[in-house]
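> just the structure for this:
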Amino acid sequence: MGFEIKFNWALQAEPKEKLEENLVCDFAMHGNRAFPIDTPIDLLNFKREAVAKVRVLEYTNIKNETRGNFRVVKIYQGEEKKILTNYWLENE
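You can find the predicted model right below:
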């Protein structure tokens with residue numbers, strides 16, 4: 001008997017329209033995932049654009065779903081956002 005789980009170093013979720021530093025947001029996604037806890041990772045939207053640096057605070061896996069929350073550390077802008085977006089698009 002097995003259980004499939006993917007380890008992710010980025011969180012892909014549709015962010016709130018207005019993000020700000022220290023904001024805590026919930027996420028839910030199909031499939032079972034594992035994330036580093038309280039470690040900075042990139043938040044990507046569904047177009048794979050780099051949106052922010054976040055820290056996953058907690059997550060739970062249930063049958064075919066992962067739910068959790070994260071805190072926004074930094075919002076990407078300008079050249080930094082462009083470079084990181086290009087990285088994630090190239091390494092899809």
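> hey, let's count contacts and neighbours off CA atoms from now on
OK.
> can you pull out the low-pLDDT segments for this structure?
The chain contains residues with pLDDT under 70 at 1-2.
> can you give me the helices in it?
Ranges of helices within the chain are 78-90, based on DSSP state H.
> mind listing the residues bridging to the residue nearest the centre of the chain?
Residue closest to the average C-alpha location in the chain (CA atoms, centre = their mean): L11, at 1.7 Å. Here L11 sits in beta bridges with L43, going by DSSP bridges.
> surely it is in contact with D42?
Yes - judged on CA atoms under 8 Å, L11 makes contact with D42 at a distance of 6.3 Å.
> separation between L19 and A52?
Distance of L19 to A52, given as CA to CA, to the nearest Å: 9 Å.
> higher neighbour count, these two?
Shown here are L19 and A52; by other CA atoms under 10 Å, A52 has more neighbours (25 against 15).
> residues in contact with the more buried one?
D42, L43, L44, V72, V73, K74, I75, Y76 (CA atoms under 8 Å, 6 or more residues apart in numbering).
> that one: what's its closest spatial neighbour, skipping adjacent residues?
The spatial neighbour of A52 that comes closest, neighbours along the chain excluded (CA to CA, 6 or more residues apart in numbering), is I75 at 4.2 Å.
> dump the residue contacts of that neighbour.
The neighbourhood of I75, defined by CA under 8 Å, 6+ apart, consists of L19, E20, E21, V51, A52, K53.
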